[in-house]
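In: one predicted model, sequence on top.
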Amino acid sequence: MGLPLAFRQAVYSVLVTTFLPWPRGVLFDMDGVLTHNNAFHRLAWREVARELLKLDLSDHDLDTKVDGGRNPEIMERLTGRAPSAAEALALHVAKEERYRDLALGALREVTGLGAYLDLLDDRGIPYALVTSADEQNVEFGLDALGLTGRFEARVLGSDVERGKPHPEPYLKGADLLGLPPTVCLAHEDAISGVRSAAQAGCFVCGITTTQSADALVDAGATWAVPDFATWLAVLPFRDDA
C-alpha cells in the first residue's frame, strides 16, 4: 500500500502552496463536477445497455468502462468492438434521451459552486467547460443550474478527435482561454478525466462525487475534496500572486 491519502495531500499542500500562484484559468468537467448527476447517467446506461446491447452492467463496468468517456468509445469498451456509425448514433440518442428524462427537474449544483465561480469572476480568472457531453446535454445542464452564458469557452465531446483520458480535451480548453495548460487548474470527478487533465499539464483538484479521494490522487490529482465549499475553505494559492 502507498502512503495514506491525508499524508500525501499534506505533503502536496506544503510543497505546492509555497510556490503556486493563483491559476490563470480554470477548466471544469460538467457531469459530477458542476452537478450531482452521475446517478442519472449510470441508471440511463444500465437501462439502455440492457435494452439495446443485451448487457447487464455491473457497478465495476460503470466505474471502469462508462464514467468519463464519449458514447462511441464507451460502447466499444462494453462490447469489445467498434460500433458502426448507425449503431453509435442510435445508442447515443437513446441513452441521452433517457438521461434527460431521468434528470429533468432534479439537477442541483455541487455545494459551493456558485460562490467559487463568483470568486473567480472577482479575481478576473477565466473559466471554461471541458466535457465529454454533447451540446444538448450541456445546454440542458447549464440551464437547469442557472449557468447559461457563464463559461467563457466550451470543449464538448464532438470538438475533439480523442476523448478523455487523452489530454486533447484539456489542451484545447486551455488553448481556448489563450493560456498554456501549465497555468490552468482543472476540476474532475472521473479517473479518465483526471488523467486527461494531468497529462495535459494542468494541476488537478478532484471532486469526490463519483470516485474516492485515493483513486483521484492516484490518477494524478494534486488535491481531492468533496465539493467546492470545502475547496474554498482550503484554497492553496498565494494571495500576493
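Out: Arrived safely, thanks for sending. None of the values given here were measured: they were computed from a predicted structure.

In: what residues are up against the residue nearest the centre of the chain?
Out: For the chain, the residue whose C-alpha lies nearest the mean C-alpha position (Cα atoms, centre = their mean) is D29; its distance is 3.0 Å. For D29, the residues meeting the contact criterion (Cβ atoms under 8 Å, 6 or more residues apart in numbering) are G68, L129, V130, T131, A186, H187, E188, D189, A190, G193. Just so you know, the C-beta spots here come from the backbone N, C-alpha and C atoms, and that holds for glycine as well.

In: from these, which has minimum pLDDT?
Out: Lowest model confidence among the contacts of D29 falls on G68, which carries 64.

In: the longest helix along the chain packs against which elements?
Out: Counting residues, the longest helix found in the chain (DSSP state H) is helix 85-103. Helices and strands in packing contact with helix 85-103 are listed as helix 38-48, helix 71-79, helix 135-145; criterion 3 or more Cβ pairs under 8 Å, 6 or more residues apart in numbering; DSSP states H and E.

In: just the pLDDT for the residue nearest to the centre of the chain.
Out: The predicted local confidence for D29 comes out at a pLDDT of 98.

In: mind listing the strands for this structure?
Out: Secondary structure of the chain (DSSP state E): strands located at 25-28, 127-130, 153-155, 184-188, 203-207, 223-225.

In: just the C-alpha atoms of the fifth one, please, in PDB.
Out: As requested, C-alpha coordinates have been extracted for strand 203-207 and formatted as PDB (Å, rounded to 0.1, in the frame of the first residue of the first chain):
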ATOM      1  CA  PHE A 203      -2.900  21.000 -11.800                       C
ATOM      2  CA  VAL A 204      -6.000  18.900 -10.900                       C
ATOM      3  CA  CYS A 205      -8.400  19.200  -8.000                       C
ATOM      4  CA  GLY A 206     -10.600  16.100  -7.900                       C
ATOM      5  CA  ILE A 207     -14.200  16.300  -6.700                       C
END
